[in-house]
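Colleague: Just need the structure, nothing else, for what follows:
(one chain, ligands or ions: 2)
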Amino acid sequence: MSEVVLKMEQIVKEFPGVRALDNVNFEARAGEVLALVGENGAGKSTLMKVLGGVWPYPSYQGDIFIKGENRRFYTTREAEESGVAIIYQELNLIPELSVAENIFLDRQPTNRLGAIDWRKLNSDTQTLLDELGIRDFKPADQVKHLTVGKQQMVEIAKALSKRARILVLDEPTSALTDREVAELFRIIRKLKQDGVCMCYISHKMEEIKQIADRVVVLRDGQTIGDVTAITDITLDQIIARMVGRDIKDMFPAPARQRGEKILEVRNLEVDHPDLAGEKRVRKASFSAYRGEILGIAGLMGAGRTELVSAIFGACPDATHGEVLVAGNRIDIRSPADAIDHGIALLTEDRKAFGLFLGQSIAFNTTIASLPTISSRSIGVIDAARERALVEKYVAQLGVKTHDIDSIVGTLSGGNQQKVILGRWLNAGPKIFILDEPTRGIDIGAKVEIYKLLDRLAGEGVAIVMISSELPEVLGMSDRILVMREGAIVAEFTRKQATKEAIMEYATGARRTGQ
Ligand SMILES: Nc1ncnc2c1ncn2[C@@H]1O[C@H](COP(=O)(O)OP(=O)(O)OP(=O)(O)O)[C@@H](O)[C@H]1O
Ligand SMILES: [Mg+2]
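Modeller: Numbering: from 1, shown residues only. Ligands and ions are numbered 1, 2, ... in the order given. Now for the predicted structure:
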């Protein structure tokens, strides 16, 4: 077996009211991919933040050994200089800067006069992108114009540019397309051969089976069982270690009754923000019904997010076409208008559009409630009732916190997602659009969310769910639309839909009418 390059001994990390890491022992070897798995809030990101100096010595207890040497990092820079690079779960790029500037932030090549050597900066970046096989964007592109998936790739390029010996990937694929994931795995395998030690955090179990050499499970800040070779353990056994119980039936049985048509979209088009004459969404027409779950499949960048954001009033001046709610044509000029008409949208990018990270769970849950935000609001908020509601959603969704007044920014990534979900549930929508609702959510909570969506549909809500996880789309939807290059290219009933058929349309291998 190869050399142990990283050893963490008896790590304890406490936050007010939470012991996030409770005597964790952890070791990883050169040239291996060690998967770190566990439910939301188990402590995975915290452990890696201790390693990366985000939680500097001595804000934790225990020892970190790198290549046998006891190290104490007082800053993230010190960790980086020791060969530790971390790709964090939440994107940390600067939207206004270019891809190249983001990758080489603080390390930009300069010329003799001390000015930035743009040519070298861009060519170094191009080399990196080539190495990664990225052709979808250029070094000079502004990050803010990239989709979440592409931004994630910039993060990966950035970490690789530091030639890390220990590379931590915290849910790196949560926003990547299948092609990008394949690309990433190719790079990971290459780095493995170069002897890089990788710690890989993910909630996607199939992915872990595919890429990891060994796996270790964290639950409530403690490791459960030993580090185990991936070939010596089944997925069910891993999941059982994670949640402390067996999970059967992921998806609720589809016994749904379709009600009346509640949403109709006719010939919706969205202009491209930069390219005049180009469209992000082209002539999209579809309907959603009460009591039904409508899935929208497609590759990243197919225009799904643009379609639903346009319906939600995100870009009224760039949006053309008609939206009807309950048969009436409505004019949505802003998200507040959409909410007024009973439409809710759970966005894919929780950091940019979703959460007020500096505010409490209670604040974040109640901010979008229809009566408080609506222009017709009578403005009376019953504080006790509101608290009871927040408590209800926290319990229902299993948000891991000791207090609904906790600041959302202190929750684990998956738990932040649950808070946004709770907010929209609290708003009581008629039409609930969810863009990648289970991204970053652990398997136990996923099942809870599936049950919840099923129940909402049963109560007569029309659910529209974008998801890049095909098993989820197939398992949950009554009908499935497939988008490609801004257009709806296929529609399937639950019975007709197969993974292969959806992929054929999503990739353009098959086209309607051919
Ligand atoms: N800055 C912070 N302040 C207070 N508590 C925190 C902070 N960061 C994390 N915690 C708490 O520590 C625990 C572990 O969180 P962590 O982010 O490590 O979970 P995780 O395993 O990465 O979960 P996820 O899969 O949801 O990302 C949680 O209870 C979380 O609320
Ligand atoms: Mg995390």
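
Colleague: Now do the host helix or strand of Ile239, average pLDDT.
Modeller: Element membership for Ile239 (DSSP states H and E) is helix 235-243. Averaging pLDDT along helix 235-243 gives 85.

Colleague: got it, and stretch 389-398?
Modeller: The pLDDT scores in stretch 389-398 average 84.

Colleague: ditto for stretch 423-434
Modeller: Mean per-residue pLDDT for stretch 423-434: 89.

Colleague: and that stretch, C-alpha only, in CSV?
Modeller: What follows is stretch 423-434 as a C-alpha-only set of coordinates in CSV (Å, rounded to 0.1, in the frame of the first residue of the first chain):
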residue,chain,number,x,y,z
ARG,A,423,-39.6,28.7,2.9
TRP,A,424,-41.5,27.9,-0.2
LEU,A,425,-43.6,25.3,1.5
ASN,A,426,-44.6,28.0,3.9
ALA,A,427,-45.6,30.2,1.1
GLY,A,428,-48.2,27.7,0.1
PRO,A,429,-47.9,27.8,-3.7
LYS,A,430,-50.3,26.5,-6.2
ILE,A,431,-47.5,25.9,-8.7
PHE,A,432,-44.3,24.8,-7.2
ILE,A,433,-41.3,24.9,-9.5
LEU,A,434,-38.1,23.2,-8.2
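
Colleague: How far away from the center of its chain is it?
Modeller: Here the centre of stretch 423-434 is set off from its chain's centre by 19 Å, with C-alpha atoms, centre = their mean, to the nearest Å.

Colleague: Surely Gly422 is in contact with Leu397?
Modeller: Yes. Contact criterion C-beta atoms under 8 Å: Gly422 and Leu397 qualify, at 5.6 Å. The C-beta positions use only the backbone N, C-alpha and C, and glycine is treated the same way.

Colleague: list residues touching both of these two?
Modeller: Counting by C-beta atoms under 8 Å, 6 or more residues apart in numbering, Gly422 and Leu397 have no shared contacts at all.

Colleague: show me what contacts Pro335?
Modeller: So Pro335 contacts Phe312, Gly313, Ala314, Leu345 (C-beta under 8 Å, 6+ apart).

Colleague: quick revisit: which residues are contacting the helix or strand following the helix holding Ile239?
Modeller: Using DSSP H and E, the helix or strand that directly follows helix 235-243 along the chain is strand 261-271. With C-beta under 8 Å, 6+ apart as the test, strand 261-271 has contacts from 278-290, 303, 306-307, 310-311, 315, 318-327, 343, 430-431, 462, 464, 486.

Colleague: List the buried residues for strand 261-271?
Modeller: Lys261, Ile262, Leu263, Glu264, Val265, Leu268, Glu269, Val270, Asp271 (16 or more other C-beta atoms under 10 Å).

Colleague: Ok, stretch 9-24 next?
Modeller: For stretch 9-24, by 16+ other C-beta under 10 Å, it's Ile11, Lys13, Val18, Ala20, Leu21, Asp22, Val24.

Colleague: Apart from its neighbours in sequence, what residue is nearest the fourth one?
Modeller: The shortest distance from Ala20 to any residue other than its chain neighbours is 4.5 Å, reached at Thr46 (C-beta to C-beta, 6 or more residues apart in numbering).

Colleague: Assign that neighbour to helix, strand or coil.
Modeller: helix (DSSP: H, G, I helix; E, B strand; the rest coil).

Colleague: returning to that earlier point: quick one: which of the contacts of strand 261-271 sit in strands?
Modeller: 279-289, 319-325, 343, 431, 462, 464 (DSSP state E).

Colleague: burial count for the residue in the stretch 351-500 of the chain that ligand 2 sits nearest to?
Modeller: Evaluated by C-beta to the ion, the stretch 351-500 of the chain has Gly413 as its residue closest to ligand 2, separated by 4.4 Å. Gly413: 23 surrounding residues under other C-beta atoms under 10 Å.

Colleague: now do Asp226
Modeller: 11.

Colleague: for it, what are its contacts?
Modeller: Neighbouring residues of Asp226 by C-beta under 8 Å, 6+ apart: Val216.

Colleague: CA atoms only for the helix or strand it falls within - export them in CSV, please.
Modeller: For Asp226, the host element (DSSP H and E) is strand 222-229. Provided in CSV are the C-alpha atoms of strand 222-229 (Å, rounded to 0.1, in the frame of the first residue of the first chain):
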residue,chain,number,x,y,z
GLN,A,222,-17.8,10.5,14.5
THR,A,223,-16.5,7.9,12.1
ILE,A,224,-18.7,4.8,11.9
GLY,A,225,-16.8,1.6,11.1
ASP,A,226,-13.3,1.6,9.6
VAL,A,227,-12.0,3.0,6.4
THR,A,228,-13.1,0.2,4.0
ALA,A,229,-12.0,-0.7,0.5
